[in-house]
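Participant: quick one, what's the 3D model for this:
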Amino acid sequence: MAEPAVSRRERARAATIAEIKEAALGLMAESGATDVRFTDIARIMGMTPPAMYRYYADRDELLEDLITDSYEHLGDSVADARDALDPDDIPGRWHAVAAAYRSWARKESHRFALIFGQPVPGFVASEDGPTTEAAKRAMSQLSALFVAAAHAGILEEPLVTEAPAAVAECAHEKHPELDGIVPAESFQAMLQAWASLHGFVCLEAYGHLDWLGDEARDALFRSHVAMIARAAGIPAAG
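Facilitator: Sure thing, here's the model as predicted:
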């Protein structure tokens, strides 16, 4: 059956919501802070602050929407880079995912800060809300590579093979779909791979690697990603 037509009022509401989010992101980029106020957004849009409440119940609802969008945008960017390569080229896909993660953080610095930076004062995302689900979808791009490598029989033993019982228990409780596919030591290596990649990206995003020239920083990133792969048991790129 055909989808019901969207009414003019619904289109106008959706356009205003999109404009509100764009204004909020613009304020974040301009101020370097992730906390925003309805009064500032309303001023930019030529609205009265009370009119904002027709679209969002409060600031937290707006932030939740922005964080969800940011995770979705990150996930799409990483997935597009991954899917541009042959599914059997798991080493190449790992390098593509890492590069896309870094590129997104550099291009979308205000969004990166919103989801990975200092928590916004007073804001607590719903435990089972849209931000949590969006975060899982975005970050599953990394775990999917380990699963694919395991299924292909090319996931090698990681550098650190001692996985504490607590890590194994976490793997089973949080990701039972990996049972019998990704062993506990590789699950631990997967977390370490993400932490290591994210650490580099954070250092760069917040200017701590600016003392390196662009060429040196790019080279360091490539070698860092190769080092992570080797430690995590992902085969070297051909």
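
Participant: can you list the low-confidence ranges for the chain?
Facilitator: By pLDDT under 70, the low-scoring segments of the chain are 1-6, 238.

Participant: now do the helices in it.
Facilitator: For the chain, the helices defined by DSSP state H cover 8-31, 38-45, 49-52, 59-83, 90-107, 109-116, 130-152, 165-174, 184-205, 214-232.

Participant: of all the ones you listed, which one comes closest to Leu159?
Facilitator: Proximity to Leu159, assessed across these by CB to CB, is greatest for helix 214-232 (4.2 Å). All C-beta spots, glycine's among them, are computed from the backbone N, C-alpha and C.

Participant: what's that closest one packed up against?
Facilitator: Under the contact criterion of 3 or more CB pairs under 8 Å, 6 or more residues apart in numbering; DSSP states H and E, the helices and strands touching helix 214-232 comprise helix 90-107, helix 184-205.

Participant: tell me the buried residues in stretch 65-79?
Facilitator: When burial is assessed from 16 or more other CB atoms under 10 Å, stretch 65-79 yields the following buried residues: 65-75, 77-79.

Participant: can you give me the domain assignment for this protein?
Facilitator: 1-56, 58-232 (automatic domain parsing).

Participant: most packed of these?
Facilitator: Looking across the domains of the chain with neighbours counted as mean count of other CB atoms under 10 Å, the highest average goes to domain 58-232: a mean of 16.

Participant: gap between the two ends of it?
Facilitator: Domain 58-232 has an end-to-end distance of 43 Å (criterion: CA to CA, to the nearest Å).

Participant: begin at 41 from now on, thanks
Facilitator: Shifting the count to begin at 41 puts that one at domain 98-272.

Participant: next one: that domain to chain centre, how far?
Facilitator: On the basis of CA atoms, centre = their mean, to the nearest Å, domain 98-272 is displaced by 7 Å from the centre of the chain it belongs to.
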